[in-house]
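Novice: structure for the following, please:
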Amino acid sequence: MASKRVQGRPSDRQVSLVRDYVEAHLGGQIELADLASVPGLSRFNFSRAFRAAAGKNAYAFVLQRRIARAADLLKAGNLPLEIIASAAGYRGAPQSRRAFREVMSVTPNDYCKECDDVAVYHQAT
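Specialist: Numbers count the residues shown, from 1 in each chain. Next comes the predicted model:
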């Protein structure tokens, strides 16, 4: 992604490109240098600018998106946690389970049960 190097705060378009990059690469390793290269900033300037634009650091944003992907896949059906973990960019189920519980305050298993309870409730009404 050859883009003109700019200084300071990224434009809305550049932030959108970074978000798109994260979504497209959630299943793999996402390095700060890769994210910084999208808007053409140094890692330092990108980190500062991303926090200013998004209200959180890039690591927190990627973590949030990984957990959201895992939650969506858990809601969607009967995929094994190992597959969900891989799709969300984790090395394995234990790492995914730990991160999910830390962010969501519930294990993936309990989250699935809650989703099932809500689905049963909506089907009954």
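
Novice: ok, and what's touching the helix of greatest length in the chain?
Specialist: Secondary structure of the chain per DSSP state H: the longest helix is helix 58-76. The contact list for helix 58-76, computed with CB atoms under 8 Å, 6 or more residues apart in numbering, reads 18, 22-23, 26, 30, 32, 35, 46-47, 50-51, 54, 56, 79, 83-85, 87-90, 96, 99-100, 103-104, 108, 111-112, 115. Any C-beta I mention is one placed from the backbone N, CA and C, and that applies to glycine too.

Novice: list the buried residues in the helix or strand following that helix.
Specialist: Using DSSP states H and E, the helix or strand that directly follows helix 58-76 along the chain is helix 81-87. The neighbour-count check on helix 81-87 (16 or more other CB atoms under 10 Å) flags 81, 84-87 as buried.

Novice: and the longest helix of the chain, C-alpha only, in CSV?
Specialist: C-alpha atoms of helix 58-76 as CSV (Å, rounded to 0.1, in the frame of the first residue of the first chain):
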residue,chain,number,x,y,z
ALA,A,58,-3.9,0.4,18.3
TYR,A,59,-3.3,-2.7,20.5
ALA,A,60,-6.6,-2.1,22.3
PHE,A,61,-8.4,-1.5,19.0
VAL,A,62,-7.1,-4.8,17.6
LEU,A,63,-8.0,-6.7,20.8
GLN,A,64,-11.5,-5.2,20.7
ARG,A,65,-11.9,-6.3,17.1
ARG,A,66,-10.6,-9.8,17.8
ILE,A,67,-13.0,-10.3,20.7
ALA,A,68,-15.9,-9.0,18.6
ARG,A,69,-15.0,-11.4,15.8
ALA,A,70,-14.9,-14.3,18.3
ALA,A,71,-18.2,-13.2,19.8
ASP,A,72,-19.8,-13.1,16.4
LEU,A,73,-18.6,-16.5,15.5
LEU,A,74,-19.7,-17.9,18.9
LYS,A,75,-23.2,-16.5,18.3
ALA,A,76,-23.3,-17.8,14.7
